[in-house]
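Visitor: Give me coordinates for this.
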Amino acid sequence: MAPDSLPTTPIIRRTDTTPKVVHPQLPSIEDICGTLRALAAYEGLWDLLRTKIYYSDYSSLVVGTPSDYQSAKQSLYLFWDEEEEDDEDIARLLSHIPALDWSRPVFLSLSPLSLVRKVSCLPVVSEDEEFERNCEAFQSLWRLPSRTPKDRGGLNRNGHADPPIRKGRELLDFGLLGHGLLKPSEAFILQLYVMSSLPSIDIRLPKGFDFRDLTEEHAEFLLDYWEYKHASTPHKYRCMRRVLPGIGVFKTSDGNANNEGAENGDQPVAWAQLSFWNMYTNTFTLPQYRRQGLAAMATLALARKSLEKTGLALAPISANNAPSAGMHLKLGFKPSIVIANQSYSP
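Guide: Residues are numbered from 1 along each chain as shown. Presented below is the predicted three-dimensional model:
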């Protein structure tokens, strides 16, 4: 079972089969913090993602990988303190993450925009014996904290040899990952909106509608209405709905509105749902049911669940989605940091 209460700045330590919470020097930054809290709070999420969290006693750098479920690309989210860290040291640390091969396609997900932009500009680094020794402290939290690879005879906890360390010069070369093998796509930029306490708004639906939890059975219907459905699959969406909460607004038998697209009340007419990153995704109302506040009420109902579980409700919204931004502001969400996704491919 996951812990009942979570500290303000948690990071997940994986020992055996139970996520636990420890306190390295992780800043209280909402997107990273919220994602880590979800791994501890929602049973089954870690078993799907198998995310490893890496950190160093010598740096503010925190990396989670993989950050997506069944992605064809390597995926990660990251954070470091730009004011404290030297770019060359960050390049070295990134190059020593055993789980990543910087010559293969990489997807940076939902990380602070300033850092996403900086990754492609990190300097080429030279070898440094002292730094190589320090990198022994850059560890996956899958390992027992008191045991190093040397203590285990060079084997990880599963009895397998750890992947070879990638030297810093293999990581970045004049703004291109992997000696110029990988080039960045255009960054997809999102403003993160945050709610840390539920506002004093009555969560009530108009007559003829009620709330129900979304389940796997609704996954393909919901996916059909997602603007970015090319980024998912029915199986992936079903898994998301199985382990994470979603709130649907359904027609009741005494409603009179046209139920086209949601026949017999079996499918929702509006909804809000959590993604794997503990952020709201694909909040939507069928066109014929709009202007009744249904998505807003679903968002608040989901926020109540999110706040109870993780203490944060997070909504990433693109700059061209002014209606969604306006709705979240009216509900009590506050703008936080700007985050971004970016792919690196050959």
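Visitor: who does the residue lying closest to Thr285 once chain neighbours are set aside bridge with?
Guide: Spatially, and ignoring its direct neighbours in sequence, Thr285 is nearest to Ala270 (4.0 Å; C-beta to C-beta, 6 or more residues apart in numbering). Yep, even glycine has a C-beta here, placed from its N, CA and C like the rest. Per DSSP bridges, the residues bridged to Ala270 are Val249, Thr285.
Visitor: Next, the contact list for Ala270, please.
Guide: 248-249, 284-286, 289, 294-295, 298 (C-beta atoms under 8 Å, 6 or more residues apart in numbering).
Visitor: where does the stretch 51-200 of the chain dip in pLDDT?
Guide: Applying pLDDT under 70 to the stretch 51-200 of the chain flags the ranges 56-58, 70, 123-181.
Visitor: 90 instead?
Guide: For the stretch 51-200 of the chain, the stretches with pLDDT under 90 are 51-73, 77-105, 110, 117-186.
Visitor: could you pull out the strands for it?
Guide: For the stretch 51-200 of the chain, the strands defined by DSSP state E, counting those that start in this stretch occupy 52-55, 62-65, 74-79, 106-112, 139-140, 172-173, 176-177, 183-184, 188-195.
Visitor: Reformat those strands as a markdown table; add distance to Ile203 and mean neighbour count.
Guide: Formatted as a markdown table, the strands of the stretch 51-200 of the chain follow (distance: least, C-beta to C-beta, whole Å; neighbours: other C-beta atoms under 10 Å):
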| stretch | distance to Ile203 | mean neighbour count |
| --- | --- | --- |
| strand 52-55 | 34 | 23 |
| strand 62-65 | 32 | 24 |
| strand 74-79 | 31 | 22 |
| strand 106-112 | 27 | 23 |
| strand 139-140 | 41 | 19 |
| strand 172-173 | 48 | 22 |
| strand 176-177 | 46 | 20 |
| strand 183-184 | 42 | 16 |
| strand 188-195 | 13 | 20 |
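Visitor: Grab the longest helix from the chain for me.
Guide: The longest helix of the chain (DSSP state H) is helix 294-310.
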